[in-house]
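Chemist: Provided below for reference: sequence and predicted model.
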Amino acid sequence: MAGGTDPRKPPPPPEHAEGCLVVALRMPLRIVVLVLVVPVRMAWDALVAIGRFLWRYALAPAGRAFGWLLYGLVVVPLGWLYRYLLTPVGHALAWVYARVLTPVGHALMWVLRPVGRAMARVLRTIATGVGTVLYWIARVLLVLPALVLWRRVLVPVGRVLAVVGREIGAALGHAWRIAGHVSRAVGRVLGTLFRWILVEPARWVYRTLLTPVGHVVRDLLLRPVAEAARAVGRAGRQALAAARETVRQVRADVRRALFGEPRRGEPADRRELTAPETRTLGSSTTALTKD
């Protein structure tokens with residue numbers, strides 16, 4: 001009824017009892033849960049980092065390869081089977097259903113409809129009586145005891161468990177956040193130690209020792225060796241060019257000794273065409289097509 005209270009609902013428990021229970025459970029639960037959750041959160045952060053690395057460099061490539069393999073070995077054969085075997089068979093069954101089974105079913109329906117109606121009336125009457133009897137039996141033996149159990153036992157216990165569960169959840173959330181801060185602080189400390197123990201000494205060695213040594217080796221050893229190599233290369237190329245020129249001169253001397261001086265032809269006339277042989281605007285012929 002609007003504006004009133006439901007008489008079937010039990011009255012709410014007093015607020016001061018729940019407040020005392022919350023005060024008594026909150027602080028011990030948070031301390032115990034914090035002690036238990038900090039190692040779990042640190043292990044969880046480490047597993048998350050390892051999982052991201054495995055996912056990026058192992059699981060994702062393996063998953064893509066498995067997907068391509070599954071597509072080639074399963075999806076393509078199943079598609080071929082569906083397209084060339086199941087579809088024709090389905091069409092044949094649909095034709096049989098539409099042309100054979102449907103007319104037979106209609107004929108049997110016209111014959112068996114009166115019998116089915118009579119049997120439906122009898123079964124409806126029997127089912128109504130049996131259902132009524134079972135309803136009252138179930139109501140007396142199951143529903144009323146369950147309702148009493150729910151109102152008198154389960155609802156108060158549920159309220160207490162809800163308070164305890166809410167406090168445990170709040171303690172877990174609080175401890176998880178504190179454990180996250182602790183884990184990040186430990187990670188920063190380890191990162192700082194790693195940087196000061198390994199990275200900074202390696203950087204100092206590279207900057208203070210290896211770079212000057214590299215410059216000295218480059219200036220005193222590598223650069224003179226490179227200059228000498230280039231000088232040797234130039235001398236070799238010059239010697240090779242001189243040898244080629246000598247061989248060419250020897251071949252020319254041998255040819256002149258065997259066959260004499262080569263005959264020199266008359267120089268070709270490379271003068272430009274005269275005025276009558278050039279193409280003019282009034283003429284349709286050119287120097288190449290003119291007789």
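Modeler: Received the coordinates, thanks. These figures come from a predicted structure and were not determined experimentally. Numbering: from 1, shown residues only.

Chemist: quick one: the residue nearest the centre of the chain from Leu54, how far?
Modeler: Centroid-nearest residue in the chain: Ala60, 5.9 Å away (criterion: CA atoms, centre = their mean). Per CB to CB, to the nearest Å, Ala60 is found 9 Å from Leu54. The C-beta positions use only the backbone N, C-alpha and C, and glycine is treated the same way.

Chemist: check Leu144 too.
Modeler: Taking CB to CB, one finds Leu144 at 58 Å from Leu54.

Chemist: do Arg207 as well
Modeler: 35 Å.

Chemist: pLDDT weak spots in this protein?
Modeler: 1-19, 21, 262-291 (pLDDT under 70).

Chemist: for the residue of it positioned farthest from its centre, phi and psi?
Modeler: The C-alpha centroid of the chain is most remote from Gly260, which lies 83.0 Å away (CA atoms, centre = their mean). In terms of degrees, to the nearest 10, the main-chain angles of Gly260 are phi 80, psi -180.

Chemist: alpha carbons of the helix or strand hosting Gly90, as CSV, please.
Modeler: Assessed by DSSP states H and E, Gly90 sits inside helix 87-96. In CSV, the C-alpha atoms belonging to helix 87-96 read as follows (Å, rounded to 0.1, in the frame of the first residue of the first chain):
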residue,chain,number,x,y,z
THR,A,87,24.2,-27.0,-48.6
PRO,A,88,23.1,-29.5,-51.4
VAL,A,89,22.0,-32.0,-48.7
GLY,A,90,20.1,-29.3,-46.9
HIS,A,91,18.4,-28.2,-50.1
ALA,A,92,17.4,-31.8,-50.8
LEU,A,93,16.0,-32.2,-47.3
ALA,A,94,14.1,-29.0,-47.6
TRP,A,95,12.6,-30.2,-50.9
VAL,A,96,11.6,-33.5,-49.3
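
Chemist: so how far is that helix from its chain's centroid?
Modeler: Distance of helix 87-96 from the chain centroid (CA atoms, centre = their mean, to the nearest Å) equals 41 Å.

Chemist: so after it, what's the next helix or strand?
Modeler: helix 102-138.
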